[in-house]
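# here is my input; please provide its structure:
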Amino acid sequence: MTATTPKASSAVPNFCEGIQYFGEALPGFETHGATPAIESDKVAIASPTEPNAVYQTLLAADALRYLTLQVTGSKASGHPGGFASQAEAYAALVMLGYKNIITEVGHHAPGFYSAMFLDRSLEDMGIFTVQQLRDRFREKHGLLGHLSGYIPGILAPAGPLGQGQHFAMSAALLHKDKLFPFTVGDGGLGEPYIMSSIAHFNTAYPHATNFLPVLVWNGYSQEHHSMVSLKTNEQMTAYWHGNGFAEVVLVDAKEFDDQNQAGDYVDSTAFSFEQRLAFTKAVLVGVDKAARSALSGKLTVFIIKQLKGAGVHARGAKSHNLYPKDTLDAPHIVSALKERALSASAWELVRTNAERAGGGPAAKTVVTEFELPLADLGELPLEEYAVGGEPKVSTTAMGRLVGIVGKKDPNFLVTNADGNEASGIANINQALKIIHPTTDDLYNQAPNGQVYEPLSEDACAGLAAGLSLMGARTLWCSYESFAINGLPIWQTVTQAMAELRRQTPSTITLFTAGALEQGRNGWTHQRPEIEAYFASLMRTGNVFPLFPSDANSIQACYDWALQTKNKGIVITASKSPLPIRTTLEQTRQGLREGAVVLHEVPGDKQVVFAVIGDMTLMPVFEAAAFLETEGISAKIVSIINPRRLYRPNDTAWDTCSEPDGGFLDDAKFAELFDGDALIGVTGGAPAMLEPIMLRSNSKRDTFAWKRGETTASAGELMAFNGLTAEALTKRAIELVH
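Residues are numbered from 1 along each chain as shown. Sure, this is the predicted structure:
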C-alpha cells in the first residue's frame, strides 16, 4: 500500500488532524465503502455475512491498530501488541452493536482509548482530534496508562490481572438484557481467579450468562511465550468445556493464511486482501454466534487466535511495550503506520459506523454512564441497647440490619467465603439465604438467595466491589485474617470510585473474628496486619476504616456507611459478647469527629488512652481503674473513625469525585487527646494510630500487635503481645513521672 502525508483538503475530516499518514483506498472501497454498513437509524449491521459489513469491519480493525500504534508512539510508551492481535474481534463487537465492553487486560488501554475516540466518547473530555488524543495519552487529567473510571465510555478500571471478569459478571447480573464482553489475554489466563470465579458464579446464577469472555490467544504474555502457547485448538476448546462452558467459538487465523507464515500463531494483516476479508468474516460470524449464545442462556467464550502484535511495529512479546527508541520518527514505527494507513474517506466511514453502533457513543449509552436506581431503604430500625447492660455480639446486631437492607433492596448482595455463622452473623443467612442449587432449610440455602459464598476471598470481594462500582449496594464479609486475598480488587474499585464521574454506593466490608478472638486457631488465623493496608489507604481520601466499640456502635457505623457514596468503608468488629459502652448518638459523634470519650476522671496527672477496637478496651479499662487508685486520672477515648483525625492536608480527599472534607480541628483534637501522657492501644497494626501520634505533643507510646501464637484465650494472646493492664499501667506511670 502506498501512503501519503495529509493534504490541506476539505476531504480530510477535522477529527483526523494529527494522523501522520493516509493511504490509498483499499481494493473494493468504491463498492463496499460507498455507504456505512450501519444505517443511520440502526444500531448494528444487518448481517455478519453481508459483504459491506465484513469489509467495513476490516477497516475498523485497521483504524484501531493505526490509532493504537500512533498514540503509543507519540509518547514512545504504552502497550500496542495485545490489543492489536484481537482488533478484528473488538471491531466485530462494535459493528454488531455491543459497546458495554470490559477488559481483563490493563495493557489494552490504548486500544480502548482509540475505540472511545472513534465513537466520539472522548469529546466529553475535550478530545476532538487525533492530535489531542496523542497529546493527552499518559498525561495527568488525560488518558492514563491503564483504564480507569475517569474515562468516558469505559465501564471499569483495568490493571492487575484476574479482575476483569468480576466487573463483567457484576454488570451482567444487574442488566440481564445486555451483553458484557470482556477481553482476557492468554498471558493472564494463568491467574487462578478467572476460571474459578466464573465457575462459582455460573453455579449460583446459571441463567446470568450474558457476559462473554473474549480470549485473546496470541501465544505470548508480557515478556515471553504464554504458558498456554503449546496447547492445540482441541486442547484449548476442551479446557473451556472442562471449566463449564457450554459453547466455545474459536477462530484461528492460521486457517486463513495464504503466506506460509511459520508457527501456530500468524498475522492476518499479512494475508492477501481476499484472505483478510475471509478471516474478518469468520471473526464477525463467530462473535455474532457467541454473543447470541451468551444472551440465550449458555455459558460461552469466544477465542480469537492470532499472533501478538498483528499489524503493528513488532510481533510476539516484542510488540507488547514501546520503549524510548520507539518514537514516531523511528523507521520501524513509520513503516508500520504507513502499512496500516487508511484513506480519509475510510476514516470518515469508520467513525460513522463507530458512532452509530450501539445507539451512539459509548459515553452516552453504556450502563455505567447512568446511575442505577436504588431501592429506598427508609430509616433503618436501629435497636439501642442500654449502656452497662447485658453484653451483646456486635456482628449479630449489624447482621439484623443487613437482613432488613436485603429485604428492601432486591439488588443487594452479601458475599462471604463460607463463614457467616462462624462470624456471629448467621442471622444474615437466615434472613437472605445462601445462593445454592441445593435447597436446604437447615443450612439456609436456596437458589434465589442474596448471600454469595464462594470459597475464595477474591471472588467474594470481586463480585461485591464490582456490583458497587456498577451502582448496587453490597456487603463483603470476611475474617480479618483472610481478607487480604480479596483486597487487590477492592482497592482497585475504591480508587476507581475516587475518580468516577457519577455517584455509586460505597463498597462496604465487615471484617470479623479478629486476631484476639482466634487464640486456639493459632497464628494462621491471626493476621491483623491487614489494618496497616487500610491505614495507608486512608490517605487516598475516600477510604474509611471504622472501629465500632460495641453492638450499638456498629449499627450506627453501618447506617452511616449506607448513606455514603464512592467510598470504601471497612467495619472491623468482634464476634464475642462484649459490654455496651456507647449510645447510638455517641457513635454518630465519633463518626463525625473521629473519636468519642468513654471514660474520664479528672486529676492533676492524666493519662489519655487512645484505643482502636472493642476487645482492646478491656485491659485499658482495667488499667485505668488501677491508675486511679494510684492518684493518676485516666481518660479512655475510643477511636471510631480514624480518617477524621488526620489533618486535611494529610490526605487526598479534595481530589476525590465525592469529596469528604470532614476532619477534627486542632482545638477539638486537643480537647480529646491532650494530657500528661498519651498511650495508643490497638489489637492490630500501629499504623492505624498514625493520625493521633502525628498530631499529639504529649509524651506518648504505642501498644500494638506484634505476632500470632496459639493460646487458650484472648487475654493470653493479648498478654503475648504486651497488651495487658499491668503493662499499660506500668508505662503510664513511667510517662507521667
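
# grab the most central residue of this structure for me.
To find the centre residue of the chain, average its C-alpha atoms and take the closest one (CA atoms, centre = their mean): that gives residue 493, at 3.4 Å.

# thought that one was touching residue 474?
No: between residue 493 and residue 474 no contact is recorded; they are 10.4 Å apart, counting by CB atoms under 8 Å. From N, CA and C alone the C-beta is placed, and that goes for glycine too.

# go through stretch 262-273 and flag the buried ones.
Residues of stretch 262-273 classed as buried under the neighbour-count rule (16 or more other CB atoms under 10 Å) are 264, 265, 266, 267, 268, 269, 270, 271.

# wait, what's in contact with the residue nearest to residue 172 when sequence neighbours are not counted?
The spatially closest residue to residue 172, leaving aside those adjacent along the chain, is residue 211, at 4.1 Å (CB to CB, 6 or more residues apart in numbering). Contact partners of residue 211, counting by CB atoms under 8 Å, 6 or more residues apart in numbering, are 165, 168, 169, 171, 172, 179, 180, 181, 182, 294.

# circling back: let me know the closest of the buried residues of stretch 262-273 to residue 198.
For residue 198, the nearest member of the buried residues of stretch 262-273 is residue 265. The distance, counting by CB to CB, is 24.9 Å.

# gap between residue 584 and residue 93?
Between residue 584 and residue 93 the computed distance is 51 Å (CB to CB, to the nearest Å).

# the more surrounded of these two?
residue 93 (30 against 16; other CB atoms under 10 Å).

# wait, the more buried one touches residue 181, no?
Yes: if you go by CB under 8 Å, residue 93 and residue 181 touch, sitting 5.6 Å apart.

# all strands for the stretch 601-737 of the chain, in order.
For the stretch 601-737 of the chain, strands defined by DSSP state E, counting those that start in this stretch occupy the ranges 606-612, 633-639, 677-682, 699-703.

# tell me how this protein divides into domains.
By the assignment in automatic domain parsing, the chain contains the domains 3-367, 392-736.

# can I get those domains in a markdown table with mean pLDDT and distance to residue 377?
As requested, those are exported to a markdown table (pLDDT from 0 to 100; distance: least, CB to CB, whole Å):
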| stretch | mean pLDDT | distance to residue 377 |
| --- | --- | --- |
| domain 3-367 | 95 | 18 |
| domain 392-736 | 95 | 5 |
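
# what's the closest of those domains to residue 374?
When the domains of the chain are ranked by proximity to residue 374, the top entry is domain 392-736, at 6.9 Å, counting by CB to CB.

# now do the end-to-end distance for that closest one.
For domain 392-736, the separation between the terminal residues is 35 Å (CA to CA, to the nearest Å).

# check which helix or strand covers residue 312.
Using DSSP states H and E, no element contains residue 312; it sits outside every helix and strand.

# what residues of the longest helix anywhere in the chain count as buried?
Taking DSSP state H as the assignment, the helix of the chain that covers the most residues is helix 51-75. Residues of helix 51-75 classed as buried under the neighbour-count rule (16+ other CB under 10 Å) are 52-75.

# again, but for stretch 528-540
Within stretch 528-540, the residues that qualify as buried by neighbour count (16+ other CB under 10 Å) are 528, 529, 530, 531, 532, 533, 534, 535, 537, 538, 540.

# then that stretch to CSV, C-alphas only?
Written as CSV, here are the backbone C-alpha positions of stretch 528-540 (Å, rounded to 0.1, in the frame of the first residue of the first chain):
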residue,chain,number,x,y,z
PRO,A,528,-4.4,-8.1,61.9
GLU,A,529,-1.5,-6.6,59.9
ILE,A,530,-4.2,-6.0,57.2
GLU,A,531,-5.1,-2.9,59.2
ALA,A,532,-1.8,-1.3,58.0
TYR,A,533,-3.1,-1.7,54.5
PHE,A,534,-6.2,0.3,55.3
ALA,A,535,-4.2,2.8,57.3
SER,A,536,-2.2,3.5,54.2
LEU,A,537,-5.4,3.7,52.1
MET,A,538,-6.9,6.3,54.5
ARG,A,539,-4.6,8.9,52.9
THR,A,540,-6.3,8.4,49.5
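
# still on that earlier bit, out of the contacts of residue 211, what pair is the most spread apart?
Within these, two members stand farthest from each other by CB to CB: 165 and 179, at 14.3 Å.

# tell me who's in contact with the residue nearest to residue 84 when sequence neighbours are not counted.
Using CB to CB, 6+ apart and skipping the chain neighbours, the partner closest in space to residue 84 is residue 312 (4.5 Å). In this structure, residue 312 makes contact with 65, 68, 69, 80, 81, 84, 319, 336, 340, judged by CB under 8 Å, 6+ apart.

# hmm, the second one is touching residue 114, no?
This means residue 68. Yes: counting by CB under 8 Å, residue 68 sits close enough to residue 114 to count as a contact (5.1 Å).

# can you tell me the element residue 38 falls in?
Residue 38 is part of no helix or strand when elements are defined by DSSP H and E.

# mind checking the SS state of the closest residue to it other than its chain neighbours?
The spatial neighbour of residue 38 that comes closest, neighbours along the chain excluded (CB to CB, 6+ apart), is residue 356 at 4.4 Å. In terms of secondary structure, residue 356 is helix; the call rests on DSSP: H, G, I helix; E, B strand; the rest coil.

# neighbours around residue 356, how many?
In terms of burial, residue 356 registers 24 neighbours under the definition other CB under 10 Å.

# I'd assumed residue 37 was in contact with it.
No: the pair residue 356 / residue 37 is not scored as a contact, 9.4 Å apart, by CB under 8 Å.

# residues shared between the contacts of the two?
Shared between the contact lists of residue 356 and residue 37 (criterion: CB under 8 Å, 6+ apart) there are no residues.

# from residue 323, how far out is residue 80?
When distance is defined by CB to CB, residue 80 is 12 Å away from residue 323.

# which stretches in the stretch 151-300 of the chain count as helices?
Ranges of helices in the stretch 151-300 of the chain, per DSSP state H, counting those that start in this stretch, are 164-174, 192-204, 233-242, 273-295.

# now the longest one, how far from the chain's geometric center?
In this view, helix 273-295 has its centroid 30 Å away from the chain centroid, taken as CA atoms, centre = their mean, to the nearest Å.

# picking up where we left off before, tell me the most buried of the helices of the stretch 151-300 of the chain?
Neighbour counts averaged per stretch over the helices of the stretch 151-300 of the chain are highest for helix 164-174, at a mean of 27; criterion: mean count of other CB atoms under 10 Å.

# contact partners of stretch 570-578?
When contacts are defined by CB under 8 Å, 6+ apart, stretch 570-578 is touched by residues 391-396, 398, 422-425, 480, 508-514, 516-517, 531, 534, 543-548, 550-551, 554, 557-558, 561, 613-615, 684, 714.

# pull out the buried positions in it.
Applying a neighbour-count criterion of 16+ other CB under 10 Å, the buried positions in stretch 570-578 are 570, 571, 572, 573, 574, 575, 576, 578.

# so which of those are in strands?
Those of the buried residues of stretch 570-578 mapping onto strands are 570, 571, 572, 578, per DSSP state E.

# out of those residues, flag the one nearest to residue 239.
Relative to residue 239, the closest of those is residue 570; by CB to CB it sits at 37.2 Å.

# quick check: closest non-adjacent residue to the closest one.
residue 545 (4.4 Å).

# the one you found - how many residues pack around it?
Around residue 545 there are 25 residues (other CB under 10 Å).

# can you list contacts of the helix or strand harbouring it?
Element membership for residue 545 (DSSP H and E) is strand 543-546. Counting contacts by CB under 8 Å, 6+ apart, the residues outside strand 543-546 that touch it are 494, 531, 534-535, 537-538, 557, 561, 564, 567-572, 591, 640-643, 688.
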